[in-house]
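Undergrad: sequence? don't have it. structure:
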DNA sequence: TTAGATAGTTTCCAATAGATACCAAGGAGA
DNA sequence: TCTCCTTGGTATCTATTGGAAACTATCTAA
């Protein structure tokens, strides 16, 4: 580990890594990154695919991901205008990890719901 | 892919995997899971280690993780009382993925801040 | 001219997050 | 005995965020 790497610690307040984690640890951001994995997608296409996301939150989250260099935004002057979102090379380095998380959720859902039922029964008094 | 696995899709609203992702995609939950990786830790110990977390949010997040079967809560009748939190076997299956995320954040922080500066300069008008 | 598509912004209300103060039980020091 | 310290939390208040719905603007097709 180099001196530079050692200087950062997610457990430290004020550490910049926290700011990064703030932006990644967001349900919608993870779903969007996962959705863009297979190639560029348009705004309303994402909106239709990720069921339940509002236009406001989708726009905000896309802007956030763009500002952090994880996705790119390309405007095509068609009629009506087309805006395409795609992963940047930096964003692509994240997708494996993100996919691992969403896959873990899909795979271990049963165990989690069983745990919830057990917990709720135990503390139902 | 089996029929059961195929039935779940994180992009679907109302899909139970979404509920799981809601609970995982949380900055504090990720930090706590990462902190517990090396062994059981007490409440105030976590609170001191994860700088900036409030008691309320720590208590809430621990309760949430416990309900979802990711961590266990053990009370020792010492004086004053000692409460130890530890990863369950299920929680342990998650830590590799979580560590990958926090490590990615530490490693790519520089690139992200550079992207932010570039974005803010480009849209500063 | 009415409806639909594009990609958003605006507005409002409810839910959440964070800061702060407070609680009980007991031990140590003055 | 009085006060401060520890343990692991709640209770309260406010600020921020999230979601639902309506609105913008431009152009096409029926």
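TA: In hand now; what should we look at? Keep in mind the model is a prediction, meaning the values are calculated, not measured.
Undergrad: which residues in chain A form helices?
TA: Assigned by DSSP state H, the helices in chain A fall at A:3-6, A:16-24, A:27-36, A:43-49, A:55-67, A:89-122.
Undergrad: need the contact list for the residue nearest to residue A:41 when sequence neighbours are not counted.
TA: The spatial neighbour of residue A:41 that comes closest, neighbours along the chain excluded (Cβ to Cβ, 6 or more residues apart in numbering or on different chains), is residue A:85 at 5.9 Å. C-beta coordinates here come from the backbone N, C-alpha and C atoms, glycine included. Counting by Cβ atoms under 8 Å, 6 or more residues apart in numbering or on different chains, residue A:85 makes contact with A:36, A:40-43, A:46, A:62, A:66, A:71-74.
Undergrad: circling back to that earlier point, please name whichever of the helices of chain A is nearest to chain B.
TA: helix A:89-122 (2.5 Å; Cβ to the nearest Cβ).
Undergrad: Could you list the buried residues of the closest one?
TA: Of the residues in helix A:89-122, A:90-91, A:94-95, A:97-98, A:100-102, A:104-106, A:108-109, A:111-112, A:115 count as buried by neighbour count, 16 or more other Cβ atoms under 10 Å in any protein chain shown.
Undergrad: Just the pLDDT for the residue nearest to residue A:41.
TA: The per-residue pLDDT reported for residue A:85 equals 97.
Undergrad: tell me which residues in stretch A:62-82 are buried?
TA: Neighbour counts over stretch A:62-82 (16+ other Cβ under 10 Å) mark A:62, A:64-72 as buried.
Undergrad: State the mean pLDDT of it.
TA: Stretch A:62-82 shows a mean pLDDT of 93.
Undergrad: distance between the ends of that stretch?
TA: Its start and end residues considered, stretch A:62-82 measures 15 Å (Cα to Cα, to the nearest Å).
Undergrad: Now do it: everything it contacts.
TA: Contact with stretch A:62-82 is made by A:20, A:23, A:29, A:32-33, A:36, A:40, A:42-43, A:46, A:83-88, A:90-91, A:94, B:111-112, B:114-116, B:118-120, as judged by Cβ under 8 Å, 6+ apart.
Undergrad: Please name the residues that touch the spatially most central residue of chain A.
TA: What sits nearest the mean C-alpha location of chain A, by Cα atoms, centre = their mean, is residue A:30, with 1.8 Å. Taking Cβ under 8 Å, 6+ apart, we find residue A:30 in contact with A:24, A:98, A:101-102, B:21, B:25.
Undergrad: hmm, 7 Å instead?
TA: A:98, A:101-102, B:21, B:25 (Cβ atoms under 7 Å, 6 or more residues apart in numbering or on different chains).
Undergrad: Which member of those residues is positioned nearest DNA strand C?
TA: The closest of the contacts of residue A:30 to DNA strand C turns out to be residue B:25 (Cβ to the nearest atom of the strand; 10.3 Å).
Undergrad: quick revisit: which of the helices of chain A comes out lowest on mean pLDDT?
TA: helix A:3-6 (a mean of 44).
Undergrad: Dump the contacts of residue A:85 into CSV; add distance to DNA strand D as well.
TA: Listed next are the contacts of residue A:85 as CSV, based on distance: Cβ to the nearest atom of the strand, whole Å:
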residue, distance to DNA strand D
A:36, 18
A:40, 21
A:41, 19
A:42, 14
A:43, 12
A:46, 14
A:62, 13
A:66, 16
A:71, 17
A:72, 22
A:73, 17
A:74, 18
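Undergrad: Nearest to residue B:57 among the residues you listed?
TA: Nearest to residue B:57 among the contacts of residue A:85: residue A:62, at 27.3 Å, using Cβ to Cβ.
Undergrad: what's the first-to-last distance across stretch A:22-30?
TA: End-to-end span of stretch A:22-30 (Cα to Cα): 12 Å.
Undergrad: mind listing what's buried in that stretch?
TA: Those would be A:23-30, for stretch A:22-30 by 16+ other Cβ under 10 Å.
Undergrad: Mind picking the two most distant members of the residues you listed?
TA: A:23 and A:27 (12.4 Å).
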